[in-house]
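Asks: how would this look folded up:
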Amino acid sequence: MPVLYTTDHEWIDTNDAAAATVGITTHAQDALGDVVFVDLPAIGATFRKGDVAGVVESVKAAADLYMPVSGEVVEVNEALRADPSLANSDPLAAGWFFKVRLSDRGEIAALMDQSAYDTLVKES
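Replies: A predicted model of the protein is given here:
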């Protein structure tokens, strides 16, 4: 399954059957500016789709990071915690935020594919 997107500008990669990887989009990091701090969720924490799972702070603003699907956090990106600028320099790879074990794979159907997300960004 490809990378999917939320209207809140998070991406989720569900290619790993054990845990999906979550991060912010290039559009989100562009809007935020230089990221200087990330507050990542605790491993083992469970969230419902739409819950605030963390915070991203930049030189311009702070923004909540929303959970794109319901599930349990199984890993966080400690490299991002140590170097928040990874969210700017490589938001779709090294700048990932956390991995989540999905509790309801059906929620994936409500997320956007690349084309739908590109349309959302153009219209905003």
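
Asks: nearest residue to the residue nearest the centre of the chain other than its sequence neighbours?
Replies: Note on the chain: the residue nearest the mean C-alpha position is Gly23, at 2.7 Å, using CA atoms, centre = their mean. Setting aside the residues directly before and after it, Gly23 is nearest to Trp96 in space (CB to CB, 6 or more residues apart in numbering), at 4.2 Å. No exception for glycine: its C-beta is placed from N, CA and C like everyone else's.

Asks: list the contacts for the one you found?
Replies: For Trp96, the contacting residues are Thr21, Val22, Gly23, Asn77, Leu80, by CB atoms under 8 Å, 6 or more residues apart in numbering.

Asks: next, the buried residues of stretch 91-106.
Replies: For stretch 91-106, burial by neighbour count (16 or more other CB atoms under 10 Å) applies to Pro91, Gly95, Trp96, Phe97, Phe98, Lys99, Val100, Leu102.

Asks: among the residues you listed, which lie within strands?
Replies: Mapping the buried residues of stretch 91-106 onto strands (DSSP state E) picks out Phe98, Lys99, Val100, Leu102.
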